[in-house]
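Enquirer: Can you look at this prediction? I've put the sequence above it.
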Amino acid sequence: MTAPAQAAPRKAGPLDLFIAFAAMGMVGFGGVMPWARWILVDKRAWFTEVEFLNLLALSNFLPGGNVVNIAVLVGARQSGLPGAVAALLGLVAPPALIVTAIGGLYQVYGQLPVVQSTIDAVAAAAAGLIVAMGLRLAYPLRSSPRALAVMAAVLLASLVLRMPLVWMLLLILPASLLAARMARR
Amino acid sequence: MERPLVLLVLQVLFLSCVAVGGFVTTLPELHRFVVETHRWMTDDRFVTLFALAQAAPGPNMIVVTLIGWEIAGAAGAALATAAACLPTLVIAYTASQFWTRYNQVEWYRIFERAVAPIAVGLVLTTGVLLTGSAAKSWTSYVITAATAAFLLLTRRSPMIPLAVAAVLGAAHLV
């Protein structure tokens, strides 16, 4: 039961969690996060707006996908380890099955010219989604010379020097931590 | 004889441990591993799988499901997906046990500010890499640029440019 009027009683069982996150995964074409906020805050009232923002900050801080982290954090908070597993399975398993089915169809029909030209066009658009995401994330950093320098170093290391990720993190992360410690912005 | 599935699972386990700022940031490394180092699939195939994953619902980490499937069938899909999830489950579950207001802690704020530009740089790298790999002709660049512009200038669903691109592609207009 959800009771938006009261703040305290908000416990969801593993099954509730599975269903809520499965719904998020299934509707979340091209981005699950807006749906996560809507379902967790508005629809189910498991969290307040402020709690959701803290959740979001923590999920950005932890490695791995944001929404995947949110599933585990929410599940664990509502229902312990079974809740965390249920929420994660709900988020990942149905889309994984769907995407595999699409992959299977592609293997059968992928040779058709019409399928190939469709996929080529969608691939170009999908690249554009990531470009836009990068630019949108970069925009708030524009006033910080420190952040821009670190970003430029990452682009140089990965695109020009083709440096493996581990080396890059080992070299750039300590420098970035030091700079973030000293700089005000 | 090398064991592609074992190597892939180990690599995905490792990558999801270091995926600062989301799984997308590990795609350049995954691309290098799968396409350049081991030659399990062509560059073209990698981009196709990414496009299929983007066009499907769900979190964008499910591209590893398709990569696993391509390399080792159903077992590959299941194990690659599990490998991408397991470190997140362990790390985030552990963090939830210490659920305090992290953002009040000084070192957390410093770490956040240090990691943000690295994550953004990696996302931009992924964008450049995918743009280059997806480019079949000059019209591919037009689609990529138009999609990016659409998302930056409006707050509409990302499904709109994907659907428009699919229709244009199906009609052989690009």
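Expert: Looks like it came in fine.
Enquirer: Quick check: the gap between the residue nearest to residue B:9 when sequence neighbours are not counted and chain A.
Expert: Nearest non-adjacent residue to residue B:9, counting by Cβ to Cβ, 6 or more residues apart in numbering or on different chains: residue B:83, 4.6 Å away. In short, each C-beta sits where N, CA and C put it, glycine included. Using Cβ to the nearest Cβ, to the nearest Å, residue B:83 is found at 12 Å from chain A.
Enquirer: Residue B:83 - how many residues pack around it?
Expert: Here the neighbour count serves as a burial measure; for residue B:83 (other Cβ atoms under 10 Å in any protein chain shown) it reads 20.
Enquirer: buried set for the helix or strand containing it?
Expert: With the criterion set as DSSP states H and E, the secondary-structure element containing residue B:83 is helix B:63-97. Judged by neighbour count (16 or more other Cβ atoms under 10 Å in any protein chain shown), helix B:63-97 contains these buried residues: B:63-72, B:76-89, B:91-93, B:95-96.
Enquirer: And the contacts of the helix or strand that residue A:153 is a member of?
Expert: Residue A:153 belongs to helix A:145-155 when assigned by DSSP H and E. Judged by Cβ atoms under 8 Å, 6 or more residues apart in numbering or on different chains, the contacts made with helix A:145-155 from elsewhere in the structure are A:138, A:141-142, A:168, A:172, A:175-176, A:179-180, A:183, A:185, B:113-114, B:116-118, B:120-122, B:124-125.
Enquirer: Let's see that with 7 Å instead.
Expert: Contact with helix A:145-155 is made by A:138, A:141, A:168, A:172, A:176, A:179, A:183, A:185, B:116-118, B:120-122, B:124-125, as judged by Cβ atoms under 7 Å, 6 or more residues apart in numbering or on different chains.
Enquirer: Same question for stretch A:51-66.
Expert: For stretch A:51-66, the surrounding residues in contact (Cβ under 7 Å, 6+ apart) are A:33, A:37, A:40-41, A:47, A:69-70, A:73, B:16-23, B:59, B:61, B:87-88, B:91-92, B:95, B:101-103, B:108, B:112.
Enquirer: filter the residues you listed to the buried ones?
Expert: A residue is treated as buried here by neighbour count (16+ other Cβ under 10 Å); on that basis the buried members of the contacts of stretch A:51-66 are A:37, A:40-41, A:47, A:69-70, A:73, B:16, B:18-23, B:59, B:61, B:87-88, B:91-92, B:95, B:102, B:108.
Enquirer: out of those, which are inside helices?
Expert: Per DSSP state H, helices hold the following members of the buried ones among the contacts of stretch A:51-66: A:37, A:69-70, A:73, B:16, B:18, B:87-88, B:91-92, B:95, B:108.
Enquirer: list the contacts for the spatially most central residue of chain B?
Expert: When Cα atoms, centre = their mean is applied to chain B, the residue found nearest the centroid is residue B:24 (3.4 Å). Under the criterion of Cβ under 7 Å, 6+ apart, the contact partners of residue B:24 comprise A:130, B:60, B:123, B:126.
Enquirer: Show me where chain B dips below the pLDDT cut-off.
Expert: Low-confidence segments of chain B, defined by pLDDT under 70, span residues B:1-2, B:99-104, B:174.
Enquirer: ok so, going back, any idea how far the helix holding residue B:83 is from the chain center?
Expert: Between the mean C-alpha location of helix B:63-97 and the chain-wide mean there is a distance of 13 Å, by Cα atoms, centre = their mean, to the nearest Å.
Enquirer: what's the burial count for residue 109?
Expert: By default, I'm working from chain A. Residue A:109 has 11 neighbours, counted by other Cβ under 10 Å.
Enquirer: meant chain B actually
Expert: Using other Cβ under 10 Å, residue B:109 has 14 neighbouring residues.
Enquirer: From chain A, how far out is it?
Expert: Taking Cβ to the nearest Cβ, one finds residue B:109 at 9 Å from chain A.
Enquirer: residue ranges with poor pLDDT in chain A?
Expert: For chain A, the stretches with pLDDT under 70 are A:1-10, A:28-31, A:184-185.
Enquirer: Roughly how far does the residue nearest to the spatial centre of chain A sit from residue A:57?
Expert: Averaging the C-alpha coordinates of chain A gives a centre point, and the residue nearest to it by Cα atoms, centre = their mean is residue A:66 (3.3 Å). Between residue A:66 and residue A:57 the distance is 10 Å, computed by Cβ to Cβ, to the nearest Å.
Enquirer: related to what we said a few turns ago, in a markdown table: the contacts of residue B:24, plus secondary structure, distance to residue A:52 and neighbour count.
Expert: As requested, those are exported to a markdown table (DSSP: H, G, I helix; E, B strand; the rest coil; distance: Cβ to Cβ, whole Å; neighbours: other Cβ atoms under 10 Å in any protein chain shown):
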| residue | secondary structure | distance to residue A:52 | neighbour count |
| --- | --- | --- | --- |
| A:130 | helix | 25 | 26 |
| B:60 | helix | 21 | 26 |
| B:123 | helix | 23 | 25 |
| B:126 | helix | 27 | 26 |
